[in-house]
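Trainee: Starting from these lines, generate the structure:
(chains A, B, C and D)
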Protein chains: 2
Amino acid sequence: MAPRPASKTAIPSDKVGVICRALRRAIIEQALAPGAKLPEDSLGERFGVSRTIARHALGQLAAEGLVELRRNRIAVVATPSWQEARDAFDIRIELERLVVRQLAGKLTKSQIAELNAHVDAEDRARDGSDAVSIRLATEFHILLANMTNSPILVRYVSEVAYRCCLTLSLYSRPHSSECAINEHRAIIAALVKGDEAKVMSLMHSHLDSVASRALVAPAPPRGRDLLDILAPYAEEGESERLVKLPKVVRAR
Amino acid sequence: MAPRPASKTAIPSDKVGVICRALRRAIIEQALAPGAKLPEDSLGERFGVSRTIARHALGQLAAEGLVELRRNRIAVVATPSWQEARDAFDIRIELERLVVRQLAGKLTKSQIAELNAHVDAEDRARDGSDAVSIRLATEFHILLANMTNSPILVRYVSEVAYRCCLTLSLYSRPHSSECAINEHRAIIAALVKGDEAKVMSLMHSHLDSVASRALVAPAPPRGRDLLDILAPYAEEGESERLVKLPKVVRAR
DNA sequence: GACCCTCAAAGTGCATGCAATTGAGGCGCA
DNA sequence: TGCGCCTCAATTGCATGCACTTTGAGGGTC
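Mentor: Numbering: from 1, shown residues only, chains lettered A, B, ... in the order given. Okay, here's the model as predicted:
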């Protein structure tokens, strides 16, 4: 075995998990934009593991919908269609309504404190980069899900929240997020008060407004394949011609 | 609804996918009961691939919650706790309400025919093994999800349905499923009629009744670790003692 | 100048090999 | 007999190697 550089391997390494978490975070902070290439060996080299492990991590992320795997091709950060984005938000709304329904009136003092602290952090980050704001906002929802103590719910909410985050980076215009922060505070308040119906409706309208602020037009383009971008402009029956446009247009 | 481009989520049509599908099916038909061991090399040998591939498949199934992966230990078919089963059903109810909401009044003739044909198949299988009935019932729900043309929704519904199926094999007593079949027919009828509210409530009560028929008592035991079974019987403060019981009791 | 053909470089698909960990049976001891 | 330690086969964790596929750059042709 290759001489391992003094790493404290006494702990269960879980290298795949490490890579997954790193990539997830990079993706939702838009350090890795949709369409970015993720070659196995670069990944392996970057994280000090073999291609085998990098590959395994990519497989997991693909199952979560954050990465697209095509046979014999380099993996890329997923580029969800507008419709998929809309679907993801629809699912998310239902799941998070479930979260707050389970949580209403059941939060402990320390949980409430934790939530408030998180929103405070969101507040402080308002002047920072959009990417960080988006990540914090997403993490607020995941924090909530965690408090349900339902591993399944946590997993689904996290996954779908990450996906939504990814779509935001594709379809969203630069937005101000103050309102979102206030909505988070309102949700906490309703949770504490224990008003189940109220908090479900708050969560619903919160996510709905995030979605509709973000997914304004079904006009996608950024980072997508030129062919896809041009498709809607093709006249009826012209698709054949489009495919054969000169190289420069077909370029990726 | 406008015809949506078919899912491009055909991830790997390769060997990993084949193994995953085979194992999923074996698990929901209870050919592989919860707790059953899944050694990488047996799997590889059985499917004519190397351990690498078998391992990858196990990773995917673990991400779906059908398999439990413990470091340096043989993978086993998952044994969800009673609470996890309940959580899975709760999530499933919300997701499937979403499915029928999207589908109400929008089914094509051929889709309706397909659904009816499936329920007929369920009917015919009523005399067969319980395992097949359960699988067919599950596949009815997945068939519905497929008709939404939302890859994300399909994936989540499938996953959670498989999980529920798995829990049925753990906690359910032998049950008669005629009522379930009739409920399926009622759902189709309401879908055709386009009564959104009605079909959502039908789906809700259908799944709720399946869940409550199945998850009767929070008393689990089959196939679980002895320690877990004995845990509730431990007196306060005795847990320490329990852990140190002689080997024969700790046996798995 | 645009097209097409060829081919090497880059990258994936998968099997295999070796080290590390586990747990089950065997041996000694009370 | 019963309990604990020790050892070894079984099994996983991971890296590496080889074959195959895709990519895209260069050069020849019209």
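Trainee: May I have the phi/psi pair for A:Ala75?
Mentor: phi -70, psi 150 (degrees, to the nearest 10).
Trainee: Do you know the pLDDT at the residue nearest to it when sequence neighbours are not counted?
Mentor: Once flanking residues are discounted, A:Ala75 sits nearest to A:Leu38: 4.5 Å by C-beta to C-beta, 6 or more residues apart in numbering or on different chains. (Each C-beta comes from the backbone N, C-alpha and C, glycine too.) Per-residue pLDDT puts A:Leu38 at 96.
Trainee: Could you check how far A:Leu38 is from DNA strand C?
Mentor: Distance from A:Leu38 to DNA strand C, counting by C-beta to the nearest atom of the strand, to the nearest Å: 7 Å.
Trainee: Now do the contacts for that residue.
Mentor: Residues in contact with A:Leu38, defined by C-beta atoms under 8 Å, 6 or more residues apart in numbering or on different chains, are A:Leu23, A:Leu32, A:Leu58, A:Val67, A:Ile74, A:Ala75, A:Val76, A:Val77.
Trainee: A:Arg163 too?
Mentor: When contacts are counted by C-beta under 8 Å, 6+ apart, A:Arg163 touches A:Glu64, A:Gly65, A:Leu66, A:Pro80, A:Ala85, A:Ala88, B:Ile152.
Trainee: again, 7 Å this time
Mentor: Contact analysis of A:Arg163 by C-beta atoms under 7 Å, 6 or more residues apart in numbering or on different chains lists A:Gly65, A:Leu66, A:Pro80, A:Ala88.
Trainee: Sort those by pLDDT and name the bottom one.
Mentor: Out of those, that is A:Pro80, at 93.
Trainee: count of residues packed around that residue?
Mentor: Applying other C-beta atoms under 10 Å in any protein chain shown, we find 23 residues neighbouring A:Pro80.
Trainee: Closest residue of chain A to DNA strand C?
Mentor: Residue of chain A nearest DNA strand C, by C-beta to the nearest atom of the strand: A:Glu40 (3.5 Å).
Trainee: Run a quick neighbour tally on that residue.
Mentor: If you count neighbours by other C-beta under 10 Å, A:Glu40 ends up with 18.
Trainee: Kindly calculate the angle that the helix or strand where A:Tyr162 lies makes with helix B:151-171.
Mentor: A:Tyr162 belongs to helix A:151-171 when elements are defined using DSSP states H and E. On the basis of axes from the mean of the first three to the mean of the last three C-alpha atoms, to 10 degrees, helix A:151-171 is oriented at 170 degrees to helix B:151-171.
Trainee: Those residues of the stretch 51-200 of chain A touching DNA strand C, which are they?
Mentor: A:Arg51, A:Thr52, A:Arg55, A:Leu69, A:Arg71, A:Asn72, A:Arg73, A:Ile74, A:Ala75 (C-beta under 7 Å from any atom of the strand).
Trainee: I figured the fourth one hits A:Ala75, correct?
Mentor: Yes: using C-beta atoms under 7 Å, A:Leu69 makes contact with A:Ala75 at a distance of 5.2 Å.
Trainee: quick one, which of the two is more surrounded?
Mentor: Just comparing A:Leu69 and A:Ala75: by other C-beta under 10 Å the higher neighbour count belongs to A:Ala75, 22 against 18.
Trainee: if we can go back for a sec, who wins for neighbours among the residues of the stretch 51-200 of chain A next to DNA strand C?
Mentor: Counting neighbours by other C-beta under 10 Å, the one among those with the most is A:Ala75, which has 22 neighbours.
Trainee: Might one say that that one is in contact with A:Val67?
Mentor: Yes: using C-beta under 7 Å, A:Ala75 makes contact with A:Val67 at a distance of 5.4 Å.
Trainee: intersection of neighbour lists for the two?
Mentor: With C-beta under 7 Å, 6+ apart, A:Ala75 and A:Val67 have common neighbours A:Leu38, A:Leu58.
Trainee: Find residues that contact each of A:Leu69 and A:Ala75.
Mentor: Counting by C-beta under 7 Å, 6+ apart, the residues touching both A:Leu69 and A:Ala75 are A:Leu58.
Trainee: Contacts only, for the residue in chain A positioned nearest to DNA strand D.
Mentor: Per C-beta to the nearest atom of the strand, A:Ser50 is where chain A lies closest to DNA strand D, at 3.0 Å. The neighbourhood of A:Ser50, defined by C-beta under 7 Å, 6+ apart, consists of A:Gly44.
Trainee: Could you rerun that using 10 Å?
Mentor: A:Ala2, A:Lys15, A:Glu40, A:Asp41, A:Gly44, A:His56 (C-beta atoms under 10 Å, 6 or more residues apart in numbering or on different chains).
Trainee: can you check A:Leu136 too?
Mentor: Applying C-beta under 10 Å, 6+ apart, we find A:Leu136 in contact with A:118-119, A:121-126, A:128, A:143, A:177, A:180-181, A:184.
Trainee: What about the residues you listed, which are in strands?
Mentor: Judged by DSSP state E, the subset of the contacts of A:Leu136 located in strands is empty.
Trainee: Pick the one among those closest to A:Cys164.
Mentor: A:Ala180 (12.6 Å; C-beta to C-beta).
Trainee: wait, doesn't that closest one sit right on A:Ala211?
Mentor: No: A:Ala180 is not in contact with A:Ala211 according to C-beta atoms under 10 Å; the separation is 11.6 Å.
Trainee: List the buried residues for stretch A:96-107?
Mentor: A:Glu96, A:Arg97, A:Leu98, A:Val99, A:Val100, A:Arg101, A:Gln102, A:Leu103, A:Ala104, A:Leu107 (16 or more other C-beta atoms under 10 Å in any protein chain shown).
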